[in-house]
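Student: Give me a model of this one.
(chains A and B)
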Amino acid sequence: MTTSGTAIEVNHLLKIYKGASFPAVNNISFSIEKNSIFGLLGPNGAGKTTTISILCGLIKLTNGNAELLGLSIKSSAEEIKKQIGIVPQEIALYPSLTAFENLRYIGNMYGLKGKELRDKIKDHLEIVGLLSSSDKQIKTFSGGMKRRINLIAGILHQPKILFLDEPTVGVDVQSRNMITEHLHHINKQGCTIIYTSHLMEEAENLCSDIAIIDNGEIIIKGKPKTLINENNSDNLEQLFLKLTGKKLRD
Amino acid sequence: MLRLFSTIQKEMLIVLRDRGGLAIMFLMPMAMITIMALIQDAPFRDYQELKIPLLLINNDKGSLGIAVEKGLNESKIFDITKKNSSPEEVKKTVKSGDYEIAVIIPDNATELLNSKVSHFVAAKLSSVGLADSGKTDVKITDGSLNLNVFFSPDTKKSFKASILSSLKQSISKLETQTLLDYFSKELNKDESKVTDKKPIDDFVTLQEVSTIDTPKEALLLNSVQHNVPAWTIFGMFFIVISMSGSIIKERDEGSYTRILTMPGSYITVLAGKTTAYLFICLIQCVLMLLVGIFVLPHLGLPRLIIGNNISAMLLIAIATGLAATGYGVMVGTLFKTHQQSSTFGAVSIVILAALGGIWVPIYVMPEGIRLLAEFSPLNWALSAFHKLFLSEGTIQTILPNLLKLFAFFISTLLVAFIYNKKK
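Tutor: Numbers count the residues shown, from 1 in each chain, chains lettered A, B, ... in the order given. Now for the predicted structure:
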C-alpha cells in the first residue's frame, strides 16, 4: 500500500518476455515520492523502458505489483490512465495537422473540450513560446519546436504523474532549457515526474531522486548529490560509468 | 462520443491534406472507370452482337449449296464472305487468322447427294419388293461427298462442336427432304401424281424463352454497366493502402503508444478511423457513379442506369465500404512496414478484383475460376450492384451479398483484434 507521500510503489516487479532466456526486469522494488522528479537511468537494454511501459499499462507484468497513487496496475489500469501523462521519445504527433489540431485531438481524447481546452492549449503554447505557430503544421516545425509540442501533449490534461522518455533528445540548448524550465514549473504545481535520459548532466540538475538500473535490477537509488559523494565521484556521469562499466551496450 | 468524433475529425483532416492519397482514392478510380469503359466497349458489344468471320467457297450450283448457305445466313452469327479459292489457299487464310471458319462445298455436291440418295432409295425399295432391281433414273456418280470445314487453330472445342452441329442440321434437313422426294418418286412413277412437293415441316421446334422480365433488363450488361460499378468497388477497396498506411504510421511515430496510455478503449479510436474512411468510400462511390451517369455519355458510351432504389444502393456502398475498411485495418495490423502493407494490399486487391469479375465479367471466365470468384468480396459487391442495376433488385435480393460483405468486415476486425492481443 502506498503511503500518503508516495506517488509510485513498485514491489518485486518481474517481467520475462515470451521466448527470452533472462528477465528484462528482475524482481525490482522501489518507491517514488510525490512531487519529486525521479530519474530512472541506465544503459541501453537495462530495463528502463520495460519498467515505464508496465507502469503506464502498455505491457503486462509477469509477477509482482505496482501501485500508482494507491491504485494497483493489475486492477485499476483504466483509472491510472486518467492520472498519468506520457511524453514518448518519438514525436508522437500528426505531421499534417497543426499544433493546435494535434493538441485539440489529444485533449479531446482525455475528455477535455470547448473553451476550457482552447484556453489550456493557448496557455501552454504561450509558455513554450509557440503561440504564434499554433496554426502551422507540425511538419514545418524544427526538432526543438516538435519536442515542446510533444511535451504539451503529455501534460495538457494536468496529470498527477508524468512519464518522460528522453524528452530533450536531439534539441538545441535553448529548447532544452525551455523544456526543463517547464518541467520544473509543472512539478511545482504538484506533478510527480519520472524521467529517463542518457544525458547525465541534465539528470543531475533536473532530478530530485535517481535510480540506476542495469540488467533488469536497480543497482543504486537516492539523491544525486548524496550518491555522487558517497561513491567518491565528481559527477553523475562518473558515478554511472563506475556502476555500469564502460563496456558498450548495443 | 467525444473520442469517436474527435478521431473522425482528425482522420478526415489528415486524409484531406494528403494530396497524393486523395489522387489515389479519387482520381485514379475515376480515370480507371473512364479508360476501362472506353477500352472494353468494343469487346462487350462483341460478346452480345457476335459476328464470326466465315469464308464460304460454294462450288456447288445445286440445292445442297443453297441449303448450306441459307442455313449459315439464318444463324445470324456469321459475317460471310464468299470467294473462289483452292483448299490450300483456304487453309492458309484461316491459319493466318483472317477467318475463324471456312466451309468448302465441293463441285457437283448436289448431284452427288442425289445420286447417293436415289441409289439408297432404290436399294431399299427393291429389298422389300416394291421396285425393280434398284434401277433409277438418276445417273450414278462415284465418289464420297465431303464438305470441308476449316477452323482457326485457337478455336475452342465447344465452339467447333456447335458450328459443326449447326451445319449438320442444315444438311440433314436437305438429306431428309431429298430422301422423301425420291421415295415419293419411286413409289409413284407418274411424277404428275406427286402432288405434295412442299418442304417438310419441323415436327419439333426449339423456342427461346426470354428470361428478361423488365425493359431495364433488356439493357444487357454493357461496358458502362459493368465497368462503373466494377471500378468503383476496386477504388473503394484501394483505400486499404491509405488506411493500412495510416495505422502503421501511427504505430511507427508513437501516436499509437500515446493513444494506448489514454483512458478509454482503442476500439473507439478504431471505430473513428473506420467511420472516417467509410465516409471517404461513400464519397468515392457517389463520384464514380456520377461519372457513369454524366461524363461517359459525352465520350460516346451508354449512360449508366442505376434505377430508383437509392436506399438499396446506399446499403451496398456502406457494406462495400465496411469490407474495404475492415480489410485495411487487418492489413495495417498484420504488417510491420508501410512498404509491406502497400505491396500486399495492392497485389491482393488486384487478385481479388480479377477473381471477382472486375477486369472481365465472370461469365467469360473458365469454370474453375468462376468457383473461386465466389470467395471474392469484390464479387459480392459487384454482383449486388448488377442485381440492383440490371434486374431491378430489392434490398431482399441483395441481402445475401450485404451479409457476406458485413461478415467479411467483422472477420477482418476479429483477425486484427486477435493478432493484436497475441502480440
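Student: which phi and psi does the residue nearest the centre of chain A have?
Tutor: Centroid check for chain A by CA atoms, centre = their mean gives residue A:164 as the closest residue, at 2.0 Å. Reported as degrees, to the nearest 10, the phi and psi values for residue A:164 are phi -120, psi 120.
Student: Residue A:98 too?
Tutor: Torsion angles at residue A:98 (phi, psi; degrees, to the nearest 10) stand at phi -70, psi 170.
Student: same question, the one 5 residues further on
Tutor: Dihedral angles of residue A:103 (phi, psi; degrees, to the nearest 10) stand at phi -70, psi -30.
Student: So it sits against residue A:154, correct?
Tutor: No. Using CB atoms under 8 Å, residue A:103 is not in contact with residue A:154; the gap is 10.7 Å. For every residue, glycine as well, the C-beta is placed using N, CA and C.
Student: So is stretch A:16-26 next to chain B?
Tutor: No. Stretch A:16-26 stays out of contact with chain B when judged by CB under 8 Å from any CB of the partner chain, the minimum separation being 9.8 Å.
Student: still on that earlier bit, does the residue nearest to the centre of chain A have beta-bridge partners, and which?
Tutor: Listed by DSSP bridges, the beta-bridge partners for residue A:164 are residue A:87, residue A:195.
Student: doesn't residue A:192 make contact with it?
Tutor: No. Assessed by CB under 8 Å, residue A:164 is found out of contact with residue A:192, at 11.3 Å.
Student: Tell me which residue of chain B lies closest to chain A.
Tutor: With CB to the nearest CB, the shortest gap between chain B and chain A falls at residue B:254, namely 3.2 Å.
Student: what's the burial count for that residue?
Tutor: When neighbours are counted by other CB atoms under 10 Å in any protein chain shown, residue B:254 registers 19.
Student: so who does it touch?
Tutor: Each residue near residue B:254 by CB atoms under 8 Å, 6 or more residues apart in numbering or on different chains is listed here: A:88, A:89, A:90, A:91, A:92.
Student: just these that are near chain B?
Tutor: Checking the contacts of residue B:254 against chain B by CB under 8 Å from any CB, the ones in range are A:88, A:89, A:90, A:91, A:92.
Student: and the closest residue to the fourth one other than its chain neighbours, what is it in contact with?
Tutor: To tie it back to what came earlier, the one meant is residue A:91. Distances taken as CB to CB, 6 or more residues apart in numbering or on different chains place residue A:146 nearest to residue A:91, at 4.6 Å, with adjacent residues excluded. Going by CB under 8 Å, 6+ apart, residue A:146 touches A:91, A:93, A:138.
Student: so which strand or helix has residue A:146?
Tutor: helix A:143-155 (DSSP states H and E).
Student: Flag every buried residue along that helix.
Tutor: A:144, A:145, A:146, A:147, A:148, A:149, A:150, A:151, A:152, A:153, A:154, A:155 (16 or more other CB atoms under 10 Å in any protein chain shown).
Student: quick one: the fifth one and residue A:179 touch, right?
Tutor: Yes. At 6.4 Å, residue A:148 counts as touching residue A:179 under the criterion of CB under 8 Å.
Student: which neighbours do these two share?
Tutor: Joint contacts of residue A:148 and residue A:179 (CB under 8 Å, 6+ apart) are residue A:128.
Student: How about the residues of chain A by chain B?
Tutor: A:56-58, A:78, A:81-82, A:84, A:86, A:88-94, A:96-97, A:101, A:104-106, A:108-111, A:113, A:137, A:153.
Student: List only buried entries from those residues.
Tutor: Taking 16+ other CB under 10 Å as the criterion, what is buried in those is A:56-57, A:81-82, A:84, A:86, A:88-89, A:91-94, A:97, A:101, A:104-106, A:108-110, A:137, A:153.
Student: Can you list phi and psi of residue A:137 for me?
Tutor: Main-chain torsions, residue A:137, degrees, to the nearest 10: phi -70, psi 140.
Student: my read: it touches residue A:100, true?
Tutor: No. Residue A:137 is beyond contact range of residue A:100, at 10.4 Å (criterion: CB under 8 Å).
Student: Okay, domains of chain B per the record?
Tutor: Structurally, chain B divides into domains by automatic domain parsing as follows: B:2-45+B:222-422, B:51-193.
Student: what does chain B put close to chain A?
Tutor: With the criterion set to CB under 8 Å from any CB, chain B comes near chain A through B:2-3, B:5-7, B:9-10, B:13-14, B:17-18, B:252-255, B:257-264.
Student: Run through who's touching stretch B:147-164.
Tutor: B:55, B:68, B:87, B:90-91, B:94-95, B:97, B:99-106, B:109, B:167, B:171.
Student: List the buried residues for it?
Tutor: Buried residues in stretch B:147-164, counted by 16+ other CB under 10 Å: B:147, B:150, B:151, B:152, B:163.
Student: What of stretch B:398-409?
Tutor: By neighbour count on 16+ other CB under 10 Å, the buried set for stretch B:398-409 is B:398, B:401, B:402, B:404, B:405, B:406, B:408, B:409.
Student: Give me the mean pLDDT for that stretch.
Tutor: In this model, stretch B:398-409 carries a mean pLDDT of 95.
Student: Mind checking which of the buried ones among the residues of chain A next to chain B land in strands?
Tutor: Under the assignment DSSP state E, these contribute A:84, A:86 to strands.
Student: Now the element after the host helix or strand of residue A:204, going C-ward?
Tutor: For residue A:204, the element it lies in under DSSP H and E is helix A:200-206. Tracing the chain past helix A:200-206, the next element assigned as helix or strand by DSSP H and E is strand A:209-214.
Student: Would you mind listing the outside residues contacting that next one?
Tutor: Strand A:209-214 is contacted by residues A:28, A:30, A:32-33, A:36-43, A:46-48, A:51, A:203, A:218-224, A:227, A:236, A:239-240, A:243-244 when judged by CB under 8 Å, 6+ apart.
Student: what pairs with it, and is each one parallel or antiparallel?
Tutor: Short version: by DSSP bridges, strand A:209-214 pairs with strand A:37-41 (parallel), strand A:217-222 (antiparallel).
Student: buried stuff in the longest one?
Tutor: It refers to strand A:217-222. Within strand A:217-222, the residues scored as buried using 16+ other CB under 10 Å are A:218, A:220, A:221.
Student: beta partners for the closest residue to the second one other than its chain neighbours?
Tutor: Beyond its immediate neighbours in the sequence, the residue positioned closest to residue A:220 (CB to CB, 6+ apart) is residue A:212, lying 4.9 Å away. The bridge-partner assignment for residue A:212, based on DSSP bridges, gives residue A:41, residue A:220.
Student: I'd like to know how far residue B:355 sits from residue A:54.
Tutor: Counting by CB to CB, to the nearest Å, the gap from residue B:355 to residue A:54 is 46 Å.
Student: now do residue A:86
Tutor: Counting by CB to CB, the gap from residue A:86 to residue A:54 is 13 Å.
Student: ok, now residue A:28?
Tutor: For residue A:28, the distance to residue A:54 equals 10 Å [CB to CB].
Student: Are there residues contacting both of these two? Which ones?
Tutor: Overlap of the contact sets of residue A:28 and residue A:54 (by CB under 8 Å, 6+ apart) consists of residue A:13.
Student: Counting by contacts, list what the lowest-mean-pLDDT helix or strand in chain A packs against.
Tutor: Least confident helix or strand of chain A, by mean pLDDT, DSSP states H and E, is helix A:236-244 with a mean of 78. Helix A:236-244 sits against helix A:200-206, strand A:209-214, strand A:217-222, helix A:224-230, with contacts defined as 3 or more CB pairs under 8 Å, 6 or more residues apart in numbering or on different chains; DSSP states H and E.
Student: got a list of contacts for that helix?
Tutor: In contact with helix A:236-244 (CB under 8 Å, 6+ apart) are residues A:41-43, A:46, A:200-201, A:203-204, A:210, A:212, A:214, A:219-220, A:224, A:227-228, A:231, A:233.
Student: Now do the same for the residue of chain B closest to chain A: its pLDDT.
Tutor: Looking at residue B:254, its pLDDT is 86.
Student: Phi, psi for residue B:100 please.
Tutor: The phi and psi values for residue B:100, taken as degrees, to the nearest 10, are phi -80, psi -40.
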